[in-house]
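In: Give the three-dimensional model of this entry:
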Amino acid sequence: MECVIFQGIPLKVYKNGGVISKIEIIKKCFKEKDRELQKKLTSFWRGDNNSIKYLLDVGEELKIIYRKAQEIPFGKVSSYGAISRAIFGDTRHSRFVGYAMHINPLPIIVPCHRVIKTNGEIGGFGSGVQNKIKLLKAEGVKVNNGRVTSIYFTDL
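Out: Numbering: from 1, shown residues only. So this is what the prediction gives:
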């Protein structure tokens with residue numbers, strides 16, 4: 001287990017043989033921070049898909065949802081409904097997409113912070129909405145009164 005401060009947010013990163021298997025957003029790091037891992041995570045977050053190795057150990061339906069969320073570019077957002085429509089053909093599975101984001105074992109790698117409500121409201125976040133907003137703002141997404149304007153939305 002490694003501790004990393006990522007965009008001001010403490011992360012506990014679990015690795016096995018150099019492969020990241022789980023990331024938890026925590027309140028505080030209690031041991032020395034891994035600066036090299038921090039740099040690699042930042043590179044991945046900005047689009048360098050070769051900077052880290054990770055294992056997405058989930059069922060196929062969740063894996064499909066997480067892969068779709070990974071298509072959302074840095075500095076953009078999409079919605080639970082848009083992901084549902086892109087995968088299942090309609091928005092009836094939006095709540096399932098929201099559930100998938102809630103149980104995401106690899107936040108940052110699977111950028112669940114980029115998934116918001118269709119009307120631009122932030123929606124939930126496992127470690128608190130304030131961390132979701134912090135990550136979005138670090139990507140240049142403007143959040144005003146808990147909402148993101150449509151200019152930041154991307155098609156999937």
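
In: and the residue most central in space within the chain, what does it touch?
Out: The residue lying closest to the centre of the chain (CA atoms, centre = their mean) is P111, at 2.0 Å. Applying CB atoms under 8 Å, 6 or more residues apart in numbering, one finds that P111 lies in contact with 45, 69-70, 72, 135. For glycine as for every other residue, the C-beta is placed from the backbone atoms N, C-alpha and C.

In: now with 10 Å?
Out: The contact partners of P111, taken as CB atoms under 10 Å, 6 or more residues apart in numbering, are 44-45, 66, 69-74, 76-78, 101, 104, 135-136, 139.

In: Repeat that for Y152.
Out: When contacts are counted by CB under 10 Å, 6+ apart, Y152 touches 75-78, 114, 116, 120, 136, 139-143.

In: Would you list the buried entries among those residues?
Out: Among the contacts of Y152, those classed as buried by 16 or more other CB atoms under 10 Å are 76-78, 114, 116, 120, 136, 139, 141, 143.

In: Of these, just say which sits nearest to L37.
Out: Sorting these by how near they are to L37, with CB to CB, puts E139 at the top with 19.7 Å.

In: Now the closest one. Nearest residue, chain neighbours left out?
Out: G75 (4.5 Å; CB to CB, 6 or more residues apart in numbering).

In: likewise K63?
Out: In space, K63 comes closest to L56 once its chain neighbours are excluded; the distance is 5.9 Å by CB to CB, 6+ apart.

In: Please report the distance of the one you found from P105.
Out: Using CB to CB, to the nearest Å, one gets 8 Å for the distance from L56 to P105.

In: ditto for K28
Out: Noted for K28: a distance of 21 Å to P105, by CB to CB.

In: higher neighbour count, the two?
Out: Ranked by neighbour count (other CB atoms under 10 Å), K28 and P105 place P105 first, with 19 against 7.

In: name the element the more buried one belongs to?
Out: For P105, there is no enclosing helix or strand under DSSP states H and E.
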